[in-house]
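> have a look at this prediction, sequence included:
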Amino acid sequence: MSVVTLRNRLTDTDIRRLVRGRDEEDRALAARKVCQLIDTAKLTDVERSAVGGILDLIVQDAAEMVRRSMAVTLRQSKNLPREIAIKLAADVDSVATPVLLSSPSFEAEDLEVLVRASDSSKRCAIAARESLPPSVVHEIIESGDDKATGIAASNNGAEFDTEAYEKAFAAFCENPAVMDSFVARTHLPVEITEKLVAHVSQEAAERLVRNHALPPQLAIELAEGARERATIDLVDQAGVAQDPEAFVKHLRMSGRLTPSLILRAVLRGHIVFLEHAFAELAGVTHGRAWLLVHDAGPLGLRAVYDRTGMPPRLYPAIRAVLDVYHSMEMPQDEAGRSHFQRVLAERAITRFQGIPEDDLDYVLSRFDSDAPMKMAG
């Protein structure tokens with residue numbers, strides 16, 4: 001829609017209501033109609049200038065309701081001029097927050113200036129933006145605002161580079177709320193998870209080690225009780241380890257690659273871990289172990305299993321899990337994978353009743369206590 005079309009769509013009544021509406025509600029409704037039309041218009045540079053004049057009229061309205069009507073309507077619009085977005089960002093919170101959260105009109109330098117000049121509530125809105133470049137993240141951390149930094153820490157769209165992580169740790173390492181917020185990120189560098197363990201609450205530490213890969217030796221030390229305030233479940237680490245081969249080797253060297261651990265991991269759906277565990281125990285390459293574990297016939301799994309030294313009594317349980325695994329389609333979304341994991345265990349347990357009671361109780365208790373969980377494998 002061009003400006004000419006826009007003008008044709010606006011009646012004299014609309015313009016009068018916008019300028020001299022009988023009350024602020026009338027002007028707010030007129031502003032909403034104008035902004036809805038602007039939002040869908042296809043504008044040239046010249047036309048953008050004309051639109052800017054109309055919006056500047058609205059942004060100067062004394063009534064907060066009118067200005068908020070524009071901010072809400074154009075909060076995600078590419079047709080909101082940058083200079084108008086900046087004016088809205090300087091307004092009261094109810095007007096500023098929608099554009100600070102969502103407007104694509106800001107440049108990175110605009111957001112940096114706003115972080116430095118704004119109060120905490122506005123910094124929090126900026127920190128929650130869907131996409132936040134590193135320079136803005138740095139400004140938020142440097143502001144010393146723990147609430148805004150915590151929001152950015154949990155925001156996957158906020159780009160933390162190495163320096164930003166270092167700044168955040170230096171400034172907020174004694175602030176559990178900020179440190180805990182990092183655990184909510186989908187991905188964390190291994191070296192960051194290692195540092196976080198010492199600075200987060202026990203509940204957050206358990207989520208951290210369950211959902212993010214740790215260096216194998218640290219994972220084992222935590223499991224052995226090296227730190228009383230942090231606990232770890234090696235079964236969950238089996239599913240998120242970035243280097244499963246190295247993780248398995250560390251487990252074996254520390255005497256933790258036990259048949260029970262392997263069975264529990266398989267019942268949790270960590271099939272990649274099983275492949276690497278069998279490769280390590282059987283003394284074959286991962287590629288060879290993969291072929292034997294996933295052999296459609298009856299002999300491949302049996303052959304590699306016998307070479308691992310695993311107890312014969314656990315073979316039917318491993319076989320049952322793999323048979324169920326191969327009969328199901330792996331979903332791609334996180335919620336679907338969590339459901340897949342539960343169904344896998346339930347069907348395997350139903351198919352084979354001889355799973356040791358301790359291992360069965362463990363698996364069922366983990367499903368009972370799980371939040372939505374990631375699965376690797």
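Cool, got the structure.
> give me the number of residues near the closest residue in space to Arg313 that isn't next to it in sequence?
Closest residue to Arg313 apart from its sequence neighbours, by Cβ to Cβ, 6 or more residues apart in numbering: Gly354 at 7.1 Å. The C-beta positions use only the backbone N, C-alpha and C, and glycine is treated the same way. Gly354 sits with 10 neighbouring residues when counted by other Cβ atoms under 10 Å.
> can you classify Gly354 as helix, strand or coil?
Assigned state for Gly354: coil (three-state reduction, DSSP: H, G, I helix; E, B strand; the rest coil).
> ok, it - contacts?
Arg313, Pro316, Ala317 (Cβ atoms under 8 Å, 6 or more residues apart in numbering).
> ok, Leu234 next?
Taking Cβ under 8 Å, 6+ apart as the definition of contact, the neighbours of Leu234 are Ala219, Ile220, Ala223, Leu251, Arg256, Leu261.
> phi, psi for the spatially closest residue to Glu24 that is not a sequence neighbour please.
The spatially closest residue to Glu24, leaving aside those adjacent along the chain, is Ala63, at 3.6 Å (Cβ to Cβ, 6+ apart). The main-chain torsion angles of Ala63 are listed as degrees, to the nearest 10 and equal phi -90, psi 130.
> check contacts around Ala246.
Applying Cβ under 8 Å, 6+ apart, one finds that Ala246 lies in contact with Pro216.
> host element of it?
Following DSSP states H and E, one finds Ala246 within helix 244-253.
> what about that helix, distance to the chain center?
Per Cα atoms, centre = their mean, to the nearest Å, the displacement of helix 244-253 from the mean C-alpha position of its chain is 27 Å.
> so which bits of whichever helix or strand comes after that helix are buried?
Scanning forward in sequence from helix 244-253, with DSSP H and E defining helices and strands, the next element found is helix 259-267. Going by neighbour count (16 or more other Cβ atoms under 10 Å), the buried part of helix 259-267 is Pro259, Leu261, Ile262, Leu263, Arg264, Ala265, Val266, Leu267.
> now, which of the residues you listed sits nearest Lys78?
Comparing the buried residues of helix 259-267 against Lys78 with Cβ to Cβ picks out Ala265 as the nearest, at 48.4 Å.
> any idea which of the buried residues of helix 259-267 is closest to Asp323?
The nearest one, if we look at the buried residues of helix 259-267 relative to Asp323 and count by Cβ to Cβ, is Val266, at 11.8 Å.
> tell me the spacing between the closest one and Ile349.
As for Val266, its distance to Ile349 is 12 Å (criterion: Cβ to Cβ, to the nearest Å).
> ok, now Leu291?
Applying Cβ to Cβ, the value for Leu291 to Ile349 is 27 Å.
> please compute how far the strand or helix carrying Gly300 lies from its chain's middle.
For Gly300, the element it lies in under DSSP H and E is helix 299-308. Shown here is helix 299-308, whose average C-alpha point lies 39 Å from the average C-alpha point of the whole chain (Cα atoms, centre = their mean).
> for it, packing partners?
On a contact count with 3 or more Cβ pairs under 8 Å, 6 or more residues apart in numbering; DSSP states H and E, helix 299-308 meets helix 271-282, helix 286-293, helix 315-327.
> compute the inter-axis angle for it and helix 315-327.
Angle of helix 299-308 versus helix 315-327, following axes from the mean of the first three to the mean of the last three Cα atoms, to 10 degrees, is 140 degrees.
> which stretches of the stretch 201-350 of the chain have low pLDDT?
Per-residue confidence for the stretch 201-350 of the chain (pLDDT under 70) gives these ranges: 224-232, 331-336.
> redo that, cut-off 90
Confidence mapping of the stretch 201-350 of the chain against pLDDT under 90 gives the ranges 201-243, 246-247, 250-251, 253-256, 260-261, 264-270, 295-300, 313-314, 320-321, 323-350.
> buried ones among the contacts of Gly354?
Ala317.
> neighbour count: Leu291 and Ile349, which is higher?
Comparing Leu291 with Ile349 by other Cβ under 10 Å, the one with more neighbours is Ile349, at 18 against 14.
> which residues are in contact with the more buried one?
Contacts for Ile349 (Cβ under 8 Å, 6+ apart) come out as Leu267, Ile355, Leu360, Val363.
> would you agree the first one is in contact with Glu346?
No: the pair Leu267 / Glu346 is not scored as a contact, 9.9 Å apart, by Cβ atoms under 8 Å.
> isn't Ile355 up against Ala317?
Yes: the pair Ile355 and Ala317 passes the contact test of Cβ under 8 Å, sitting 4.9 Å apart.
> for Ala184, see how far away the residue nearest to Cys124 when sequence neighbours are not counted is.
Beyond its immediate neighbours in the sequence, the residue positioned closest to Cys124 (Cβ to Cβ, 6+ apart) is Ala148, lying 4.8 Å away. Remark: distance between Ala148 and Ala184 (Cβ to Cβ) = 15 Å.
> who has more neighbours, the two?
Neighbours per residue (other Cβ under 10 Å) separate Ala148 from Ala184, with Ala148 holding more: 26 against 16.
> let me know the pLDDT of the more buried one.
The predicted local distance difference test score for Ala148 is 97.
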